[in-house]
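Participant: could you work out the structure for the sequence below:
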Amino acid sequence: VQLVESGGGLVQAGGSLRLSCAASGDKLEYFAVSWFRQAPGKEREGITCISLSDSISYKDSVKGRFTISRDNGKNSVYLQMNGLKPEDTAVYYCATSQYCSQGDMDYWGKGTLVAVSS
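Facilitator: Numbering: from 1, shown residues only. Just a heads-up that it's a prediction; the model follows:
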């Protein structure tokens, strides 16, 4: 599976962005899909996951502001980010696994940069 993220950019605090994770080589509906982010100088962290049954979980720091969703027809997963804060600045990655609780991801995209100015 090849994953390509898009939709990153520079936005002011309080603004919104919608990230896309487009897949080729297999159908994303066969996988759990997670979004991770890595801020400068920090470790990569998982922020949300949508399971095979479309159960969704969020890290507390993004709960209520970010929304993950699937579009099986477009073989894509999205991350709608509202109320962005400077601390959301990071490279955002999507990744697939069989389960949201799985520690190691099977496939990764190369990431898209989100920069939030204050």
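Participant: tell me the centre residue of this protein?
Facilitator: Trp35 (2.8 Å; Cα atoms, centre = their mean).
Participant: okay, and the beta partners of the spatially closest residue to Arg70 that is not a sequence neighbour?
Facilitator: Nearest residue to Arg70, sequence neighbours excluded (Cβ to Cβ, 6 or more residues apart in numbering): Val77, at 5.3 Å. C-beta here means a position set from N, CA and C on the backbone, and glycine is covered the same way. Judged by DSSP bridges, the bridge partners of Val77 are Cys21, Arg70.
Participant: spell out the residue ranges of the strands in the protein.
Facilitator: Along the chain, the stretches classed as strands by DSSP state E are 2-6, 9-12, 17-24, 32-38, 45-50, 56-58, 66-71, 76-81, 90-97, 107-108, 112-117.
Participant: show me what counts as buried in the first one.
Facilitator: Neighbour-count burial for strand 2-6, counted by 16 or more other Cβ atoms under 10 Å, picks out 3, 5.
Participant: remind me what that strand packs against, helices and strands.
Facilitator: If you count contacts as 3 or more Cβ pairs under 8 Å, 6 or more residues apart in numbering; DSSP states H and E, strand 2-6 packs onto strand 17-24, strand 90-97, strand 107-108.
Participant: ranking those by burial, who's on top?
Facilitator: Most buried of these, by mean neighbour count (mean count of other Cβ atoms under 10 Å): strand 90-97, with a mean of 22.
Participant: given that strand, what are its sheet partners and their directions?
Facilitator: According to DSSP bridges, strand 90-97 has these partners: strand 32-38 (antiparallel), strand 107-108 (antiparallel), strand 112-117 (antiparallel).
Participant: okay, angle between it and strand 76-81 too, please.
Facilitator: Interaxial angle of strand 90-97 relative to strand 76-81 (axes from the mean of the first three to the mean of the last three Cα atoms, to 10 degrees): 140 degrees.
Participant: for strand 90-97, what is the average pLDDT?
Facilitator: Averaging pLDDT along strand 90-97 yields 98.
Participant: can you list contacts of that strand?
Facilitator: By Cβ atoms under 8 Å, 6 or more residues apart in numbering, the list of residues contacting strand 90-97 from outside reads 1, 3, 5, 8, 19, 21, 23, 28, 31-40, 42, 44, 77, 79, 104-114.
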